[in-house]
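Participant: got a predicted structure here, sequence first:
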Protein chains: 2
Amino acid sequence: MTKMSSQSPKQTLFAEFAAIAKTLGHAHRLELLEQLAQGERSVETLADRTGLTVANASQHLQHLRRAGLVATRREGKFIHYRLADETVLDVLATIRQVAERNVAAVDRVVRSYFHARDDLEAVSRKELRRRLREGSVAVLDVRPEDEFALGHVPGALNIPLRALEARLAQLDPAQEIVAYCRGPYCVLSYEAVAALRAKGFKARRLEDGLPEWRAAGMPIVVGGA
Amino acid sequence: MTKMSSQSPKQTLFAEFAAIAKTLGHAHRLELLEQLAQGERSVETLADRTGLTVANASQHLQHLRRAGLVATRREGKFIHYRLADETVLDVLATIRQVAERNVAAVDRVVRSYFHARDDLEAVSRKELRRRLREGSVAVLDVRPEDEFALGHVPGALNIPLRALEARLAQLDPAQEIVAYCRGPYCVLSYEAVAALRAKGFKARRLEDGLPEWRAAGMPIVVGGA
DNA sequence: AAGTTATTCAATTATTCATTTGAATGTTCC
DNA sequence: GGAACATTCAAATGAATAATTGAATAACTT
């Protein structure tokens, strides 16, 4: 990265910025970062979640670490990776923004697969916080248990999407339900809302997902089910 | 980019995001974008400013265009490139932020070459706007004439850095001077401030540069010297 | 100390990328 | 129409990157 000492300071900086961008320039690494946005993770877990081999995940993670995007912590035989910084999420968010605005293909996918927009309008973070205080809403976290354990919205009930059908009895049909999952492009909460509505529940999505909730400084509870 | 139709929507999106990031992952392209942040430019001008051959600049520009980061407009024999969107600047800014926070090499360069921090504290945009209204300050644009012509702070005097020494007489020694140039890592204004101070002027830098001023919604004047 | 497990390293192969060169478009000007 | 110019294209080169494999570390367990 910093081989040439004979370049101007500006060129040095641009080379470093480029190195960061280049590191973000791979779908697998973005997936790893999305996972890490939920919380700390071991290499094996990450490999599992992203469908990569352990060796391959390890390589990509090291790439991310060299670029300063993630950090590690050893605990026994495990090495836990985490995002280096909240600003990493900001970069991802701005890239999304550029893509949604300027890449037709992205706009198309987002429109067709995600926001069946007019239909499933999302609840804003502020609105959810207000209604949590009032107690006028039930919050449903449809992510896997372990992600829930790493942090969730206070008072949220954790029912992973695949278990939802079987556990409908735990939900109060009288109260409106707000479902959330991993982030803006996580389909879990969309599917949860669709499933709940089919069963006659009043349900909506939270805008984005837990990492964005956390990043916005909203309250988080850490710990078991 | 969009070859596989057999992937999930999320994977499609991540692949598109990665394509954008990868496009940003080259120092030359970042330099081109920095130039474009000043305003529209022809290929030859861009090649000139960045020290690239025309063919090479053209290739990189097309790469940027394919990624949706820049747009073009033909005018006679010239093809003018411009940023596709203001959000492109946001991505660059967040990458800078991550780099300054998490890459030691960047922090080092920024500290040593740029903010001789405590010494040359920058004027905020808001403060400059206020003082412009009051008329309690002289604004100095030290970029080349053509960049000045593409847009500048109202009332700014344009003296490119290399002409500064010769044109000191145009400046009022009684009034404080605020100098600016292309952006956070443009050295021109640092050097201008240093030069002015050496001559006994009271001078400070504007934070960042013109593109950021513009992006913040501050007033801009377009047109000749 | 030997075995187990999590992660990384090193070496290999296939692929993609950056740059240069010279030719090809498309536009203006005469 | 033909010369002059700005830009792009196509092909070729060398360099960098991604994924796989099997071996090497490093920590825990017994």
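Facilitator: Now that the structure is in, tell me what you want to look at.

Participant: how about low-confidence regions in chain A?
Facilitator: Along chain A, segments meeting pLDDT under 70 span A:1-7, A:115-120, A:224-225.

Participant: correct me if wrong: residue A:50 contacts residue A:29.
Facilitator: No - if you go by C-beta atoms under 8 Å, residue A:50 and residue A:29 don't touch, sitting 9.6 Å apart. For every residue, glycine as well, the C-beta is placed using N, CA and C.

Participant: neighbour-wise, which of those two wins?
Facilitator: More crowded of residue A:50 and residue A:29, by other C-beta atoms under 10 Å in any protein chain shown: residue A:29, with 24 against 18.

Participant: can I assume the more buried one sits in a helix?
Facilitator: Yes - looking at residue A:29 with DSSP: H, G, I helix; E, B strand; the rest coil, it is inside a helix.

Participant: which helix or which strand is home to residue A:91?
Facilitator: Secondary structure assignment for residue A:91, by DSSP states H and E: helix A:87-102.

Participant: need the residues of chain A near DNA strand D, please.
Facilitator: Contact residues, chain A versus DNA strand D (C-beta under 7 Å from any atom of the strand): A:22, A:25-26, A:28, A:52-53, A:55-56, A:59-60, A:63, A:74, A:76-77.

Participant: just the ones in strands from those residues, please.
Facilitator: Among these, the ones falling in strands (DSSP state E) are residue A:74.

Participant: just send the residues of chain A next to DNA strand D back as CSV, with distance to residue B:12 too.
Facilitator: Converted to CSV, the residues of chain A next to DNA strand D look like this (distance: C-beta to C-beta, whole Å):
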residue, distance to residue B:12
A:22, 21
A:25, 16
A:26, 15
A:28, 14
A:52, 18
A:53, 22
A:55, 26
A:56, 20
A:59, 23
A:60, 19
A:63, 22
A:74, 36
A:76, 38
A:77, 36
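
Participant: just give me the closest of the residues of chain A next to DNA strand D to residue B:195.
Facilitator: Closest approach to residue B:195 among these (C-beta to C-beta): residue A:22, at 36.6 Å.

Participant: about what we covered before: list buried residues within the residues of chain A next to DNA strand D.
Facilitator: Among these, the ones that count as buried by 16 or more other C-beta atoms under 10 Å in any protein chain shown are A:22, A:25-26, A:28, A:52, A:60, A:63.

Participant: of these, which pair is most distant in space?
Facilitator: Spatial extent of those (C-beta to C-beta) is set by the pair A:22 and A:52 at 19.0 Å.

Participant: let me see the contact set for the nearest residue to residue A:11 once chain neighbours are set aside.
Facilitator: Spatial nearest neighbour of residue A:11, excluding adjacent residues (C-beta to C-beta, 6 or more residues apart in numbering or on different chains): residue B:27 at 6.7 Å. Listed by C-beta atoms under 8 Å, 6 or more residues apart in numbering or on different chains, the contact set of residue B:27 reads A:11, A:14-15, A:17-18.

Participant: now the helices for chain A?
Facilitator: A:9-24, A:27-38, A:43-50, A:54-66, A:87-102, A:104-113, A:125-134, A:145-149, A:161-164, A:188-198, A:210-215 (DSSP state H).

Participant: give me the distance between the two termini of stretch A:202-211.
Facilitator: From its first residue to its last, stretch A:202-211 covers 25 Å (C-alpha to C-alpha, to the nearest Å).

Participant: hmm, it touching chain B?
Facilitator: No - Stretch A:202-211 is not in contact with chain B by C-beta under 8 Å from any C-beta of the partner chain; minimum separation 12.2 Å.

Participant: so how far is that stretch off the chain centroid?
Facilitator: 12 Å (C-alpha atoms, centre = their mean, to the nearest Å).

Participant: just the buried positions in that stretch, please.
Facilitator: So, applying 16+ other C-beta under 10 Å, buried residues of stretch A:202-211: A:203-211.

Participant: list the contacts of that stretch.
Facilitator: Applying C-beta under 8 Å, 6+ apart, the set of residues contacting stretch A:202-211 is A:37-38, A:89, A:120-125, A:128, A:139-141, A:143, A:147, A:151-153, A:175-184, A:186, A:189-190, A:192-193, A:196-197, A:213.

Participant: of those residues, buried ones?
Facilitator: Applying 16+ other C-beta under 10 Å to those flags A:37-38, A:89, A:120, A:122-123, A:125, A:128, A:139-141, A:143, A:147, A:151-153, A:177-184, A:186, A:189-190, A:192-193, A:196, A:213 as buried.
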